[in-house]
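Asker: Following is a predicted model, sequence given first.
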Amino acid sequence: MANAPRSPLPRRNAGAAMFSNPNRVTPAIVAFAALALLLLAFRSGPATPGAILPVALPDQDQQQAIDITFPVYSKILSPRREVWNGTELVYQVPANPRAVMFLAHGCYCKATFFWDKHPDCSGCSGAPEERAFVIQALQASYAVIAVSSQQDCWRKEDAPRVKLVLESWMDKLGLVELPLLGLGASSGGYFVSSLARDVKFDAIVLMIAEGSFQEVPSLPYPPVLFVHMVKDEVRAERIREIMPVLRKAGIEADEIQCEEVEITDDFFMRRIPYVDLEMSENLVGVLQRHGHLDFRGYLKSDSRSLNLKQDMSGGLGGQELLDSLSSRNDHWAHHIQEELNLAYGNHEFTSLSTTKIITWLESHVKMPPNITAGGQS
């Protein structure tokens with residue numbers, strides 16, 4: 001079995017285009033040099049939160065240099081976005097992949113949420129929990145692919161399309177012999193549990209979802225790991241009912257329970273790469289002033305009922321904080337909301353259990369040793 005290359009698909013020959021017209025030699029060289037510096041920064045430079053690299057990229061049609069800035073948060077994340085017959089997919093393949101990890105997002109999300117913005121994925125938005133999960137999956141030497149649903153949430157009609165894309169992608173990149181893992185969150189969890197009836201997964205993880213098990217699936221069916229938040233009592237109860245039924249049918253089923261999280265002064269800094277300590281402290285200050293935190297530092301009420309923008313615009317440096325966040329990332333409001341949902345511990349994608357998830361996968365799926373573990377984020 002041949003290892004997939006780091007850049008699995010062929011790229012346009014920039015060198016040939018550069019010298020095909022002598023009148024374009026100078027700007028093309030500048031663009032090529034800038035791109036080389038960017039690639040060097042991604043591969044060997046330090047991961048500096050909030051760093052901005054100016055990039056001169058060749059225009060696909062007119063071969064002219066244009067300036068685009070990309071925030072560099074992680075030197076590990078290097079996604080590639082493509083559209084196959086109307087289906088959006090984003091993926092990254094490490095040097096020595098040991099398994100393939102398919103990711104299915106939740107409602108109102110996209111495949112682009114799992115990676116930071118990048119020259120090969122300018123629409124990637126780097127949702128903090130999703131990107132953190134992908135970093136650890138890549139460090140475990142998993143080839144990672146995420147696909148976007150056609151509608152706001154996953155539907156059963158998506159299954160044939162995703163099956164075709166997934167199988168074609170694995171075949172094209174020479175990954176068909178590797179174990180196939182699946183993880184779906186919320187709507188994506190229901191989708192993955194259903195897709196596993198038609199796609200031969202070696203193991204699946206259902207995050208904040210009890211899955212589609214109205215009928216017990218026939219064997220063979222992969223081992224199932226439920227990752228859920230105990231405050232979501234209705235879903236937790238359903239999972240407790242489903243697990244023994246699956247086990248009785250000969251399907252391995254386990255769970256990881258997630259609790260609420262304390263919001264400390266450095267909470268947002270630790271979870272969102274472009275938020276520094278001062279901004280994190282100010283965000284916590286806003287929550288405290290408006291009575292959203294109890295004396296222990298936990299949210300008093302469901303985070304989805306908060307209006308943080310309104311709270312910040314009420315004075316005491318809030319508007320300055322708003323402006324600072326807006327200048328650093330266009331998606332800051334969604335990112336902070338995601339972390340508040342995580343802290344409240346009801347229904348949110350979480351990377352806090354990633355180590356446990358990977359440990360469970362490694363114990364249930366036969367894989368070669370990981371020879372590339374221990375990279376920086």
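Answerer: Good, I have the coordinates. Note that the structure is predicted; figures quoted are calculated from it, not measured.

Asker: okay, CA-based contacts and neighbour counts for the rest of this
Answerer: Fine.

Asker: mind listing the helices in the stretch 101-250 of the chain by residue range?
Answerer: 128-139, 158-172, 187-195, 233-248 (DSSP state H, counting those that start in this stretch).

Asker: To Q92, which of those lies closest?
Answerer: For those, proximity to Q92 was assessed by Cα to Cα; helix 128-139 is nearest, at 8.2 Å.

Asker: Centre of the chain to that closest one, how far?
Answerer: Chain-centre distance of helix 128-139: 6 Å, with Cα atoms, centre = their mean, to the nearest Å.

Asker: picking that back up, any chance of the helices of the stretch 101-250 of the chain in a markdown table, plus mean neighbour count?
Answerer: Output for the helices of the stretch 101-250 of the chain, formatted as a markdown table (neighbours: other Cα atoms under 10 Å):
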| stretch | mean neighbour count |
| --- | --- |
| helix 128-139 | 22 |
| helix 158-172 | 15 |
| helix 187-195 | 24 |
| helix 233-248 | 15 |
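
Asker: In TSV, list those helices along with mean pLDDT and distance to E339.
Answerer: Below are those laid out as TSV (pLDDT from 0 to 100; distance: least, Cα to Cα, whole Å):
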stretch	mean pLDDT	distance to E339
helix 128-139	97	8
helix 158-172	97	29
helix 187-195	98	19
helix 233-248	96	20
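
Asker: Which among the ones you listed is found nearest to E281?
Answerer: helix 128-139 (18.0 Å).

Asker: hmm, who's touching the closest one?
Answerer: Contact partners of helix 128-139, identified using Cα atoms under 8 Å, 6 or more residues apart in numbering, comprise 76-77, 93-94, 101, 113-116, 143-144, 271-273, 335, 338-339, 349-351, 354-355, 358, 372-375, 377.

Asker: Kindly report the same for stretch 155-171.
Answerer: Contacts for stretch 155-171 (Cα under 8 Å, 6+ apart): 84, 87, 147, 149-150, 176, 191, 194-195, 198-199.

Asker: Spatially, which two of the residues you listed are the most separated?
Answerer: The widest separation within these (Cα to Cα) is 25.0 Å, between Q150 and V176.

Asker: So what does the nearest residue to V83 once chain neighbours are set aside have for phi and psi?
Answerer: Distance criterion Cα to Cα, 6 or more residues apart in numbering; nearest residue to V83, sequence neighbours excluded, is L89 at 6.2 Å. Torsion angles at L89 (phi, psi; degrees, to the nearest 10) stand at phi -140, psi 150.

Asker: again with the one 10 residues further on
Answerer: Summarising the backbone geometry of A99 under the convention degrees, to the nearest 10, its torsions are phi -160, psi 170.

Asker: Next step: the contacts of helix 128-139 restricted to strands.
Answerer: 101, 143-144 (DSSP state E).

Asker: Please convert the buried members of the contacts of helix 128-139 into PyMOL selection syntax.
Answerer: In PyMOL, a selection of the buried entries from these looks like this (16 or more other Cα atoms under 10 Å):
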select buried, resi 76+77+93+94+101+113+114+115+116+143+144+271+272+273+335+338+339+349+350+351+354
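
Asker: Show only the entries of the contacts of helix 128-139 found in helices.
Answerer: The members of the contacts of helix 128-139 that map onto helices under DSSP state H are 271, 335, 338-339, 354-355, 358.
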